[in-house]
Each structure stands twice: as C-alpha cells, then as structure tokens.
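**Q** coords please:
(chains A and B)
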Amino acid sequence: MSTTPDKLVERYLKHLEVELDDLPRDRRREIVDEIAGHIAEARAGLEHETEADVRNILEGLGDPADIAEDARERFEVRPVIPASTAYKPGWIEVGALVLLLVGAIVLPVVGWVIGVVLLWISNAWNVRDKFIGTLFWPGGLGFSLFFVFYGASQSSSSSPTSCQFSPVGTGEPANCIASPDSTGAMDVLAIVLVVAVVVTPIITTAYLGYRLRHQPGAATA
Amino acid sequence: MVAGKQDALLAQMRKGTLQYCVLALLADEERYGFDLVRSLAETDGMVTSEGTIYPLLSRLRRDGLVETSWRESTSGPPRRYYRLTKAGRAALDGFKDEWGRFRDAVDHFVERKA
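**A** Coordinates of the predicted model:
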C-alpha cells in the first residue's frame, strides 16, 4: 500500500502544526502557510512528480520537531511542559506546610493530623521528606508551645527536683532527675533546649518548602 | 575537538549568522521564500533544515528588518515577497563591519603559522 504525495504533505503539515503549538497563533499560521507554499512551489517545479520527489522535498525542509525547536528559539518561547510532568505546588502542598506548622494550635490535634495526611497524599515530597515532616515535631509548633509551658510549670512547681529534658529530639518530653543544686547550669540548658524545640518545626517547614522548589523528580521528568 | 561539540558549535554559528545571510540576499532584490531557501541551499553547509528559514523570516518581519507584500505568480498561487527595510539595511551594514573585524581577529590567531 503506497501513500499518495498529497497525503504525505498533509501529514507533514499537520505534524508541523502540532509541533508549533507553543507559538502564538498568528506566528504559527504564518510559518505553516509559508512552508505549505514552499512545498507547493517545489512540487510545481517537478515534471513528473513521484512519491520519492515529495519525500525529498519534505526531508529537505527538515523534521517538524526541529523546525519547531528553532522557531521557539527565534521567538524566545519556552516549550510548554506537559501537565503530567510539570510540577506546580498546589493547595495540598501549601495546606500541608501550614497545618504541619500551626495546625495543632488552630485546631488541637486534628489540624496537625490533616497536615500529615496532606503531606503523605502529595507527590511533591519523597518518603524521607515525609518522615521528617511527620516526626519533627508531631504537632508542629503546637508541640513546641506545649513543651515550653509544660516544662515551665514543672520546673516552677517542683523546686527540689529539676527537670532535664532529653536533648535527643525523640520527642520524649521530660526526664526528671533529682539535683540538689547547680540550677544556673540547668537554666542555660533549659533555654537552649526550649529554643531548639521551638525552632525545629520552623526549620522542618522551611526545609519542606525548599524541597518543593528543588524537587529532583520534577527537574528530570 | 569532539565531533559532537564541533557540530554544536557549527550549528550555533550558523544560527547566529543565518539571518544576516538572508538580509544580504535581500539587499539588491526582493525575493519570495522558496527562492530565498533555494539560494541559501546552493551554498553548502549554510542550511541543514530548509524549513527553519520560515520562522526566521517571520521573526525578521516582526522585528521590522524586512517587509512583505503579496504578488501574483504566473505558475501558481500568489507569493509573499520579502524586501529589506531601512532598519534591515542598517542591521546588515552594522553586521558587515562587525563580521569583518571578528573574522580578522579569529584569522589572526587560528591562521598564524607555527
């Protein structure tokens, strides 16, 4: 079964039109019309047109994809990335970031849980990022505040026993040991600990936000 | 030099200078697209895909370096003729000077006898 020259030309122009899709309409029209004219001129100059002649004409013009790439460059049009591979932070990501950080303050427990669900639904982060977002801290800033106030009330009510918080960051709140004196050193330690506990969820949120913009999957897709 | 790199360099040089070759072809007479492409293709190595001339012509027109008008043709449908504008001529003259200097500078180094 052979293809007629007209069919070949038609298919070529159609292909070209599709490839030039990123260009403004008037420019696309102009280029396609001119190339259609070129083909007509070239064909008119042939004595006895064969399919091979037409194929040579089209090959001389070049692959529509190459012409389109050149055209995009000439008109400084950036290729449109198909929606399936383009990554755009949407409401899921924004919601996850906000709720993870302050969700527990706005709506105790539930707010943060919704944040976690959004975090794990989203395709924007990998599993490691999702674990980081979930574990530091469960409850986000709400946990930090709870920790600070709980710790403050504990240390003021129980004067002979000073509470030392475990600095490992596992989220275990308190580790009370009896210590007769040296409250000064304990205070410094407590302040460092409080700052660390408060800053951690903010750093986590900033990190997740950073990963949104520098997502390895989105860049290579 | 790696062959691929050299190809890429040639493609870039061609891309950068092609528009001035088109302007130069239009310096003395107006031409239609097919005629322009044929003239460019006669010189080996100037155009790899003839179709890329048309986006270039469209861009030149939008930049005001060429203008076009339709003419009846004896052999078929009307043709769009391209003609240099004042700005196009100025761009061509400017390029000629720069190109001469650039060519001499490169020659000075690469053609130097060891």
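
**Q** What does the pLDDT read for the closest residue to chain A within chain B?
**A** When scored by Cβ to the nearest Cβ, chain B has B:Ser49 as its residue closest to chain A, at 2.5 Å. All C-beta spots, glycine's among them, are computed from the backbone N, C-alpha and C. Listed pLDDT for B:Ser49 reads 89.

**Q** go on, the one 5 residues further on?
**A** Looking at B:Tyr54, its pLDDT stands at 96.

**Q** again, but for A:Met1
**A** Looking at A:Met1, the pLDDT reads 50.

**Q** next one: the one 3 residues further on
**A** As predicted, A:Thr4 sits at a pLDDT of 88.

**Q** so who does it touch?
**A** Neighbouring residues of A:Thr4 by Cβ atoms under 8 Å, 6 or more residues apart in numbering or on different chains: A:Glu51.

**Q** Can you list phi and psi of it for me?
**A** Note on A:Thr4: backbone dihedrals following degrees, to the nearest 10 are phi -80, psi 150.

**Q** Repeat that for B:Arg71.
**A** phi -130, psi 150.

**Q** so it sits right up against B:Tyr82, yeah?
**A** No - under the criterion of Cβ atoms under 8 Å, B:Arg71 is not in contact with B:Tyr82, lying 11.1 Å apart.

**Q** Between the two, which contacts overlap?
**A** By Cβ under 8 Å, 6+ apart, B:Arg71 and B:Tyr82 have these common neighbours: B:Tyr32.

**Q** in the top helix by length along chain B, what's buried?
**A** Longest helix in chain B by number of residues (criterion: DSSP state H): helix B:86-110. For helix B:86-110, a neighbour-count test (16 or more other Cβ atoms under 10 Å in any protein chain shown) marks B:Gly88, B:Ala91, B:Leu92, B:Phe95 as buried.

**Q** Report the secondary structure state of B:Ser69.
**A** strand (DSSP: H, G, I helix; E, B strand; the rest coil).

**Q** So for B:Arg71 and B:Tyr82, which sits in the more crowded spot?
**A** Legend: neighbour count by other Cβ atoms under 10 Å in any protein chain shown for B:Arg71 and B:Tyr82, higher for B:Tyr82 (24 against 11).

**Q** Surely the more buried one is in a strand?
**A** Yes - going by three-state DSSP, the assignment for B:Tyr82 places it inside a strand.

**Q** OK, contacts around it?
**A** B:Leu26, B:Glu30, B:Arg31, B:Tyr32, B:Gly33, B:Leu36, B:Leu57, B:Leu60, B:Arg61, B:Val66, B:Glu67, B:Thr68.

**Q** Next: B:Ala11.
**A** Contacts of B:Ala11 (Cβ under 8 Å, 6+ apart): B:Thr48.

**Q** what helix or strand does it sit in?
**A** Per DSSP states H and E, B:Ala11 falls inside helix B:3-25.

**Q** relative to helix B:86-110, how tilted is that helix?
**A** For helix B:3-25 against helix B:86-110, the angle by axes from the mean of the first three to the mean of the last three Cα atoms, to 10 degrees is 140 degrees.

**Q** Any idea which residue of chain A lies closest to chain B?
**A** A:Gly62 (2.5 Å).

**Q** wait, that residue sits on B:Ile53?
**A** No - using Cβ under 8 Å, A:Gly62 makes no contact with B:Ile53, being 9.9 Å away.

**Q** For the two, indicate the residue with more neighbours.
**A** Taking other Cβ under 10 Å, A:Gly62 and B:Ile53 do not tie; B:Ile53 has more neighbours (27 against 19).
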